[in-house]
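> give me coordinates for this.
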Amino acid sequence: DGGSAGSVVAGREAMRQHSVVRIRKISTEINRHPHNSKEFH
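Numbering: from 1, shown residues only. As a prediction, this is how the structure comes out:
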């Protein structure tokens, strides 16, 4: 059933977008507070 396969792909894409946003946010925090960068590794 192709419909559910399509939604799986859409869900993966949404997850990928979400993690990209989160990584960018963390990178911004690291740039703002360089001494805190250890916490993110």
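> quick one: which helix or strand includes the residue nearest the centre of the chain?
Nearest to the mean C-alpha position of the chain, counting by Cα atoms, centre = their mean, stands residue 19 at 0.8 Å. Assigned by DSSP states H and E, residue 19 belongs to helix 2-32.
> any idea how far that helix is from the chain center?
Remark: helix 2-32 is offset 4 Å from the chain centroid, using Cα atoms, centre = their mean, to the nearest Å.
> pLDDT below threshold where in the chain?
Within the chain, the stretches with pLDDT under 70 are 1-3, 34-41.
> give me that answer again for 50
By pLDDT under 50, the chain has no low-scoring segment.
> elements contacting the helix holding residue 19?
Using 3 or more Cβ pairs under 8 Å, 6 or more residues apart in numbering; DSSP states H and E as the contact test, no helix or strand touches helix 2-32. From N, CA and C alone the C-beta is placed, and that goes for glycine too.
> mind listing what's buried in that helix?
By 16 or more other Cβ atoms under 10 Å, the buried positions in helix 2-32 come out as residue 30.
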